[in-house]
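K.L.:
Quick one: sequence and predicted model below, then my questions.
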Amino acid sequence: MSRPEHIAPPEIFYDDVESKKYSSNSRIIEIQTKMAERAYELLAIPETAEGLMLLDIGCGSGISGDVITDAGHYWIGCDISQHMLDVAIDREVEGDVMLRDIGQGFPFRAGSFDAAISISAIQWLCNAEKSHHNPRKRLHTFFQSLFNVLTRGGKAILQFYPENSAQIEMITASALRCGFSGGLLIDFPNSSKAKKYFLVLFTGNNNIMPSAKGVEGEEYEQQEEEDSNEVKYSNRKRDRRRVTKSKGSAQHKTKEWIMNKKDRQRKQGREIKNDSKFSGRKRGPKF
Amino acid sequence: MKILTHNMMACTKKQCMGKGFPLKVESTEQIVLEQEFNYEFTKNIYPKLDWLGIAEISIKFNIPIQLDTTKHSLEDEEFLKTLHNLLCNLKVITGSLTCPNCQRVYPIDKGIPNMLLREDEIYQEIKE
């Protein structure tokens, strides 16, 4: 997978051409909308609540904002790319947008927002684009400011594409240090394509961590619920092994497999030889 | 930039933490939108508003509104409608915002406020 953050800084990468893609490419729009819908779902805003104030971090052309508008809430978005915001203005999005580097924090009064979402934005903070950039400091400023602009009891769902486990560690550690509780949630941990990382953050305590989608094996889910304050990594190899052991059918050409097959065919009404002591028995070595 | 956004905004230069609002608005071009009145939203946003900012806007754009917070009632639909109209239907297209504390000027162009800070203006504090 190509990583735009390796190519150029966001304000340069999302130029005129790249930004236009975000208003015309139906595949990009579909993916972004799906992720935004999932993020909104994770916020778990009760259906009766209407007209809340949401912050969209790295709003871009406002695709994720449209999901918020459809849900009946109001949003303000921040993005560092002027071209992306121009596209948002052209599309006449309902929310308001402003030009801002999220690594500099948010220019809002404390407690302005009920919740925040971010789609594919915060991995950009892990890269130093300018000589004075320090990813650790920028992440710290970002999370500290986010904590301040949210109301107490507010939530933030940040979807991102981490490059490696060190980035995950850096981002989650920084968030928890700034007073958030919560942790990492991974949708479809066993799929390389559908796998999605969500950082679920709460400004208050005693929140229930939502459960991930597409996680096979109950053990994994239970662990997640037990201590939601800790970050969990899925071990893909281990998960897969467990699945084959518990769910998979008997191994090919073993006695168990042959007996199962004979049973199955008998039920289908086929003519099957009777079972004997020789059924499924290993043949001795040939001369 | 809608007035609602302006009301939430604050200057975050390092010397302005906690006192960089309300930003002073200068507008050379603004438009009036026609959005439906949203009762729930206006009610939810009410406790978050900064009335000093609204007072300034009210004088600046000559939109009369009850500024005495003790006389406000969330049951008064007429009042909520005026408030919603002020917050959501007035949009500044070109102009600038000035911080009352440090006098830093943020330009507004095509309805997008440019809130980017220079390197030396960033507030950073880190506890390792």
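P.N.:
Yes, it's here.

K.L.:
Would you confirm that B:Lys19 contacts B:Asn101?
P.N.:
Yes - with contact defined as Cβ atoms under 8 Å, B:Lys19 reaches B:Asn101; the gap is 5.1 Å. To be clear about C-beta, it is placed using only N, CA and C from the backbone, and glycine gets the same treatment.

K.L.:
Which of the two has more residues huddled nearby?
P.N.:
B:Asn101 (17 against 12; other Cβ atoms under 10 Å in any protein chain shown).

K.L.:
What parts of chain B come near chain A?
P.N.:
Residues of chain B lying near chain A by Cβ under 8 Å from any Cβ of the partner chain: B:1-2, B:4-5, B:8-12, B:18, B:21, B:38-45, B:48, B:50, B:110-117, B:119, B:122-127.

K.L.:
I'd like the distance between A:Ser145 and chain B.
P.N.:
A:Ser145 sits 7 Å away from chain B, going by Cβ to the nearest Cβ, to the nearest Å.

K.L.:
which residues touch that residue?
P.N.:
With contact set as Cβ atoms under 8 Å, 6 or more residues apart in numbering or on different chains, A:Ser145 has these partners: A:105-106, B:12.

K.L.:
can you pick the most crowded of the residues you listed?
P.N.:
Most surrounded of the contacts of A:Ser145: other Cβ under 10 Å gives A:Phe106, at 28 neighbours.

K.L.:
picking up where we left off before, filter the residues of chain B next to chain A down to the buried ones, PyMOL style.
P.N.:
Applying 16 or more other Cβ atoms under 10 Å in any protein chain shown to the residues of chain B next to chain A, the buried members can be selected in PyMOL as follows:
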select buried, chain B and resi 1+2+4+5+8+9+10+11+12+21+38+41+42+43+44+45+48+50+111+112+113+114+115+116+117+122+123
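
K.L.:
and the residues of chain B next to chain A, which of them are in strands?
P.N.:
Counting by DSSP state E, the part of these found in strands is B:112-113.

K.L.:
and for stretch A:65-72, what are the contacting residues?
P.N.:
Outside stretch A:65-72, the residues that touch it by Cβ under 8 Å, 6+ apart are A:33, A:36-37, A:40, A:45, A:50-51, A:54, A:56, A:59, A:74-75, A:77, A:88, A:93-95, A:117, B:40.

K.L.:
Show me what counts as buried in that stretch.
P.N.:
Buried residues in stretch A:65-72, counted by 16+ other Cβ under 10 Å: A:65-68, A:71.

K.L.:
sorry, back to before: would you turn the contacts of A:Ser145 into TSV with distance to B:Thr70?
P.N.:
Shown next, in TSV, are the contacts of A:Ser145 (distance: Cβ to Cβ, whole Å):
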residue	distance to B:Thr70
A:Gly105	34
A:Phe106	31
B:Thr12	31
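
K.L.:
Need the residues you listed in CSV (columns: pLDDT and distance to A:Pro189).
P.N.:
Formatted as CSV, these follow (pLDDT from 0 to 100; distance: Cβ to Cβ, whole Å):
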residue, pLDDT, distance to A:Pro189
A:Gly105, 87, 32
A:Phe106, 90, 31
B:Thr12, 83, 37
